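Asker: Here is the input, now give the coordinates:
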Amino acid sequence: MSDGKIAKKGRIHEKKSYFLLPILAFFVFLPSVWAQTADDLSSALARAQEARKKAMDFEGNLYFPSEWEAAEGLHISALLMSNNNRLINESISTFIEAADAFDRLSELAIPLYAQAREDEIMAIRDYLITLEAREEFPEYLLDADRTAVQAFTLYEAKDFYSARDSAAKALKKYNVLETAFNSWLLRVEIQDRGFKGFNPDTFELGGEIISGAMEAYMAGDLEAALEKAEEALSTYDLMLSTAWASYAGLRSSLAEAERLAALDMKSDIAAKEFFKIADSDYKAALDLLESKQYEDAAKLFINAEAMFGIAGITTLEKRRTAAEAFDEGDYDLSAGFANEAAWLSKQSDVYVAITADGAIPSPNVLPATYTVQSWSVSKDCFWNIAGQPWAYGNPHYWTALYNANKSKLPDPNNPDILEPGIVLDIPSIQGEIRQGAWESGKAYEPIR
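Answerer: Numbers count the residues shown, from 1 in each chain. Coordinates of the predicted model:
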């Protein structure tokens, strides 16, 4: 009986073991299910993040902000659900949906991104071509062109990241060339305007910096090349600004001298239309000089100087006409022109004396020509010669000498270059008699 009970108990025990087998199998299988789910989640997350990065790298968030927000919303939702074990499968699906949305966004953005880079590259290149950089920097421009072509080729091959890097490199190369070429243009302007002499050491230093930039460019060190090109640009920009300041000061002095000469000749009365224009430009130039707008100031001073000169020439022409009328004996006509030219009172007294008793004063014969001597001997320049008593006795009349002898100068536009041996004509400015060449040691009565 006891054996039967044992058997019965054994059978009962045996039935219980069969009942537990499915449960035990479930718990054995569960870890592998969770492992597979975790792998699926990780894979979906990685794909979504990679697609998101690509869309952002090609500026899909900027080109298509609403589409980006929708894809970003899916991505965030998937991240939130991934923390809830009951929503893991839904999280995986949402990550996949987000990745698809980011991929579609990349497909839309990449052509726009590529076109934008091409437009940037071509804009700088066209600028360089317009400035004739191809003629001056042919080998450098050709190198940048090769890199740009490589970028376009990679885009066509859908190797987008390599294309992006090549486009960025090409753009950097063109930026270096643009900066370096602008520096070179400033160098040319400084030289053409004659400003090199204001600071020759800085001028040469700028050239060395440009050369260093180009060496770094060809060596592939674009950061160093751009840094040196910017340094050269700053160097020449500062030099040009400083030179304009000095030049404006020089032109101010010349315009002032011309103004004083015109006033001394009474051109403000005899040629008031020209004098008024000149004086307006002169005062405007002074305001520009005060506000440190040196280039504009210099240009206005040049205009003013020229107009003051025209006013002076107009006055001299009226006086010449008066002198010719006097020589022909038409004293009334001569006096009328002299009055119109606002001639000196002494000259008017001479006319009065001639009209009253017919007596003509003894002529004061002054030299009609002068041979320029070396600076070390006579300090000859238009200013100093005009100041000689046998010339005009007033250095402010230097422009009368300059205008009469421009064609004899090495550079007709530069009155500062006056070479020894040039025979200067000394035109009459008050009807004074001039004959022959200046003689050293001869006593001349100063001009009245």
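
Asker: can you pull out the strands in the stretch 301-448 of the chain?
Answerer: 365-366, 369-371, 423-425, 433-434 (DSSP state E, counting those that start in this stretch).

Asker: Oh, that last question was meant for the stretch 101-250 of the chain, not what I typed.
Answerer: Going by DSSP E, counting those that start in this stretch, the stretch 101-250 of the chain shows no strands.

Asker: Quick one: closest of the strands of the stretch 301-448 of the chain to residue 390.
Answerer: Among these, strand 365-366 comes nearest to residue 390, with 5.6 Å by C-beta to C-beta. Just so you know, the C-beta spots here come from the backbone N, C-alpha and C atoms, and that holds for glycine as well.

Asker: which sections of the stretch 201-350 of the chain are below the confidence cut-off?
Answerer: 325-327, 329-350 (pLDDT under 70).

Asker: same question but for the stretch 51-200 of the chain, I mixed them up
Answerer: Short version for the stretch 51-200 of the chain, where the test is pLDDT under 70: none.

Asker: Which stretch among the strands of the stretch 301-448 of the chain approaches residue 252 most closely?
Answerer: Here strand 423-425 is closest among those (C-beta to C-beta), at 26.2 Å.

Asker: Need the residues that contact stretch 102-122.
Answerer: Residues from elsewhere that reach stretch 102-122, judged by C-beta atoms under 8 Å, 6 or more residues apart in numbering: 48, 51-52, 54-55, 58-60, 63-64, 67-68, 71, 75, 148, 151-152, 155, 160, 163-164, 167-168, 170-171, 174.

Asker: mind redoing it with 6 Å?
Answerer: By C-beta atoms under 6 Å, 6 or more residues apart in numbering, the surrounding residues in contact with stretch 102-122 are 51-52, 54-55, 58-60, 63-64, 67, 71, 148, 155, 160, 167, 170-171.

Asker: Can you say which of the strands of the stretch 301-448 of the chain is nearest to residue 289?
Answerer: Comparing these by C-beta to C-beta, strand 423-425 comes nearest, at 32.1 Å.

Asker: List the strands paired with the closest one, with their directions.
Answerer: strand 369-371 (antiparallel) (DSSP bridges).

Asker: Can you point out the buried residues in the partner strand?
Answerer: residue 370 (16 or more other C-beta atoms under 10 Å).

Asker: so how far is that strand from its chain's centroid?
Answerer: Put simply, strand 369-371 sits 46 Å off its chain's centre (C-alpha atoms, centre = their mean, to the nearest Å).

Asker: what residue lies at the spatial centre of this structure?
Answerer: residue 182 (7.0 Å; C-alpha atoms, centre = their mean).

Asker: coming back round to it: which of the strands of the stretch 301-448 of the chain sits closest to residue 440?
Answerer: Closest among these, once you apply C-beta to C-beta, is strand 369-371, at 9.9 Å.

Asker: now the closest one: mean pLDDT?
Answerer: Confidence for strand 369-371, expressed as mean pLDDT, is 93.

Asker: quick one: contacts of that strand?
Answerer: Contacts for strand 369-371 (C-beta under 6 Å, 6+ apart): 423-425, 437-438.

Asker: Mark which of those are buried, thanks.
Answerer: 424, 438.

Asker: Would you point out the most distant pair within the contacts of strand 369-371?
Answerer: Using C-beta to C-beta, those reach their maximum pairwise distance at 425 and 438, which is 11.4 Å.

Asker: picking that back up, pipe the strands of the stretch 301-448 of the chain into JSON lines and attach distance to residue 284 per row.
Answerer: Formatted as JSON lines, these follow (distance: least, C-beta to C-beta, whole Å):
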{"stretch": "strand 365-366", "distance to residue 284": "38"}
{"stretch": "strand 369-371", "distance to residue 284": "37"}
{"stretch": "strand 423-425", "distance to residue 284": "34"}
{"stretch": "strand 433-434", "distance to residue 284": "38"}
